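> Generate a structure from the sequence data that follows.
(one chain, ligands or ions: 2)
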Amino acid sequence: MNTETPIEFVVSSSTTPTPRDQIEASIVNPAFGRVFTDHMATLRWSNTEGWHDAKVEARRPFQIDPSCAVLHYAQEIFEGMKAYRGENGSISLFRPFENAKRFRASAARMAMADLPEEVFVKAVEALVKVDRDWVPGGDGSLYLRPFMFASESFLGVRASNEYVFCVIACPVGPYFKAGKTAVTVWVSDQYTRAAPGGTGAAKCGGNYAASLIAQTEAAAQGCDQVVFLDAAEHRWIEEMGGMNLFFVMDDGSLLTPPLSGTILPGITRASIIELAKREGIVVNEAPYAFDAWRADAASGRVREVFACGTAAVVTAVGQVRHAAGEFSIGNGDEGEVTRRIRVQLTGIQRGKVADPLGWVHTIS
Ligand code: PLP
Ligand code: COI
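Numbering: from 1, shown residues only. Ligands and ions are numbered 1, 2, ... in the order given. Predicted coordinates for the structure are as follows:
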């Protein structure tokens, strides 16, 4: 087992790299998740060899057997993080060890191999260094997608004895349509994302598969995202398909649903809570019912609502649709508190404002 020797990623560069002018053209305002860099980092695990075969190589398709475990029982987890180019050209990550920690927690829940945090971060760094020309400047960033899947060819239902860990990257602009200052959300009263005792707190592909029918319904209702309610009572607000939610109340406090085990513990969520508390803002992590949200939006007790996550950053919610109607939040646009939080967080991530908690991890 390779637990003692430090793992080093052996780099073999692509023999057909994308020409520089083509990279420059493709990193200008790219659509989310459609353009990929030239390389990928990979690492394999087996119950006999442990972690081995660490490399960065030209991005290529995987060859897997039709009986590959992930295709049948969905034993798969992933992370989402970004590399940013600072104004001085430096490249940095934001709290990468938090992603590494969450990846370990997801792996534990899905009975998958445990990847040491420093190896996770080393893989991400190795890929970003090789593909550094792909990191956009300005408001863009390089979205990084570390993931792991069960790669054993075997149809029995048990934890796989083999896994592949991989990191791919794509230059991205805004997750929602450029120029949108607030999104419209659909509150699903029929479909839930996760139940107590389930996998809601793990970042596993299955959670997203379960959310897609509700996201499709949301799109059919003209909405950008779906808001899920709890599975037991269909009453308590949980999170969106790919981001956490915050409510800005009229007394200046923030309210966000608690980490009950059914929602993803977002790193953006945790960062906003820490920053707000440092500024003396009261943050309540407490259950909030959809009925209360509707009433509070009408009375003005809820002033602003925003979604947050790596892909979505901080995005205002302007309009809320549900089976029985529709309501607006404030004037339907990004509010002052949301804007301040967005500017502060993105400022730290991009090295434009002070980083009081040492969250920026500079790579080069
Ligand atoms: N909730 C879900 C379901 C997500 O997919 C994400 C995105 O990763 C988040 C919340 C926000 O998490 P983070 O801030 O770590 O990106
Ligand atoms: C992320 O923010 O990294 C996610 O995984 C969410 C998804 C909507 C792209």
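> Just the buried positions in stretch 124-140, please.
Across stretch 124-140, burial judged by 16 or more other Cβ atoms under 10 Å covers 124-132, 134-136, 140. Where C-beta positions appear, they are placed from N, C-alpha and C, glycine not excepted.
> Which of the residues you listed sits closest to ligand 2?
Taking Cβ to the nearest ligand atom as the measure, ligand 2 lies nearest residue 124 of those, at 13.2 Å.
> before we move on, what SS does that closest one have?
helix (DSSP: H, G, I helix; E, B strand; the rest coil).
> Enumerate every residue touching residue 288.
Counting by Cβ atoms under 8 Å, 6 or more residues apart in numbering, residue 288 makes contact with 236-237, 247, 255, 257.
> Distance check, it against ligand 2.
22 Å (Cβ to the nearest ligand atom, to the nearest Å).
> And the closest residue to residue 254 other than its chain neighbours, how far from residue 6?
Leaving aside its chain neighbours, residue 254 sits nearest to residue 283 (4.7 Å; criterion: Cβ to Cβ, 6 or more residues apart in numbering). Using Cβ to Cβ, to the nearest Å, we find residue 283 at a distance of 39 Å from residue 6.
> So between the two, which is more surrounded?
More crowded of residue 283 and residue 6, by other Cβ atoms under 10 Å: residue 283, with 16 against 10.
> Contacts only, for the more buried one.
So residue 283 contacts 253-256, 273, 276-277 (Cβ under 8 Å, 6+ apart).
> out of those residues, which is most surrounded?
Using other Cβ under 10 Å as the neighbour criterion, residue 256 leads these with 24 neighbours.
> what sits against that one?
Residue 256 sits next to 244-247, 269, 273, 283-285 when contact means Cβ under 8 Å, 6+ apart.
> Pick out the residue of the stretch 51-200 of the chain closest to ligand 1.
In the stretch 51-200 of the chain, the residue that lies nearest ligand 1 is residue 80 (4.5 Å; Cβ to the nearest ligand atom).
> And the pLDDT at that residue?
Looking at residue 80, its pLDDT stands at 98.
> and the closest residue to it other than its chain neighbours, how far is that from residue 168?
In space, and not counting its chain neighbours, residue 80 is closest to residue 310: 4.5 Å by Cβ to Cβ, 6+ apart. Here residue 310 is placed at a distance of 15 Å from residue 168 (Cβ to Cβ).
> Same check on residue 31?
For residue 31 relative to residue 168 (Cβ to Cβ), the value is 16 Å.
> same question, residue 56
Using Cβ to Cβ, residue 56 is found at 11 Å from residue 168.
> Give the residues shared as contacts by those two.
Contact criterion Cβ under 8 Å, 6+ apart; residues shared by residue 56 and residue 168: 40, 127.
> okay, the two: which has more neighbours?
The neighbour comparison of residue 56 against residue 168 (other Cβ under 10 Å) goes to residue 56, with 22 against 19.
> which element is the more buried one on?
strand 50-58 (DSSP states H and E).
> Now that strand: buried residues?
Buried positions in strand 50-58, judged by neighbour count with 16+ other Cβ under 10 Å: 51, 54-57.
> and of these, the nearest to ligand 2?
Closest to ligand 2, out of all of the buried residues of strand 50-58 and judged by Cβ to the nearest ligand atom, is residue 56, at 21.3 Å.
> Quick check: beta-bridge partners of that closest one?
Residues in a beta bridge with residue 56, per DSSP bridges, are residue 11, residue 41.
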